[in-house]
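Novice: Quick one: sequence and predicted model below, then my questions.
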Amino acid sequence: GAGVSQSPRYKVAKRGQDVALRCDPISGHVSLFWYQQALGQGPEFLTYFQNEAQLDKSGLPSDRFFAERPEGSVSTLKIQRTQQEDSAVYLCASSLVLRTRDSSGANVLTFGAGSRLTVL
Amino acid sequence: EDKVVQSPLSLVVHEGDTVTLNCSYEVTNFRSLLWYKQEKKAPTFLFMLTSSGIEKKSGRLSSILDKKELSSILNITATQTGDSAIYLCAPNNNAGNMLTFGGGTRLMVKP
């Protein structure tokens, strides 16, 4: 697609419910990232995929958080037994892996509009 | 642990003013630094800086990196109300795969 698409845009969950947030990256983008952005703060890294492989999940705050990208395109972030502190905007971003001549490997991420989760 | 600090936290100016936003960082294996503008939800890319002292410019916005001081600045001249947003800086580290974001500077431009 033309951009990164996320759904739902808004989700209200009762504490204890499970939620699933979906990300459709830009077609052909190898890398996919999930970030969590609390109100008034910058995005915090959650996890990173290269194709279907989850190469880094160091940012996932607890074992209630799980992400997958089974076919190397669409990704789902699942949060089990939601808590109030999970309330945030969840941003997905994708990128081509750039290989520059000087191997800077700089990665320009294109973000989706995010999914705002509110846990009551 | 990687650390990114942006200042000021927030800024209110009037149209036509010039602003300078600051970003300082401590990251392992620094590769580059990116600036993003976030108006509603999705941060949008502004600049990528890899070399010290080379100014990147786009219209009224410009940015420069100082690797010796581990910092970057983003300048906006002749500000407009449409510049109101949160400006995020993000160093790119290690394998270049992950961006570590600062807390952002919230800029409000009043007419």
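Specialist: It's in. Computed from a predicted model, the values in this text were never measured in an experiment.

Novice: Correct me if wrong: residue B:21 contacts residue B:74.
Specialist: Yes: contact status for residue B:21 versus residue B:74: in contact at 4.4 Å, counting by CB atoms under 8 Å. C-beta here means a position set from N, CA and C on the backbone, and glycine is covered the same way.

Novice: how about the helices in chain B?
Specialist: In chain order, chain B shows no helices, with DSSP state H as the criterion.

Novice: Check chain A too.
Specialist: According to DSSP H, chain A contains no helices.

Novice: which bits of it sit near chain B?
Specialist: A:4, A:31, A:33, A:35, A:40-45, A:48, A:50, A:55-56, A:89, A:91, A:97-98, A:102, A:104-114, A:116 (CB under 8 Å from any CB of the partner chain).

Novice: Flag every residue of chain B that's near chain A.
Specialist: So chain B meets chain A at B:4, B:6, B:31-32, B:34, B:36, B:40-45, B:48, B:50, B:88, B:92, B:95-104 (CB under 8 Å from any CB).

Novice: Any of those buried? List them.
Specialist: B:4, B:6, B:31-32, B:34, B:36, B:41-43, B:48, B:50, B:88, B:92, B:96-104 (16 or more other CB atoms under 10 Å in any protein chain shown).

Novice: any idea how far residue B:59 is from the nearest residue in space to residue B:17 that is not next to it in sequence?
Specialist: Spatial nearest neighbour of residue B:17, chain neighbours left out: residue B:79 (5.2 Å); criterion: CB to CB, 6 or more residues apart in numbering or on different chains. As for residue B:79, its distance to residue B:59 is 12 Å (criterion: CB to CB, to the nearest Å).

Novice: Give the residue from those two that has the larger number of neighbours.
Specialist: Taking other CB atoms under 10 Å in any protein chain shown, residue B:79 and residue B:59 do not tie; residue B:79 has more neighbours (21 against 8).
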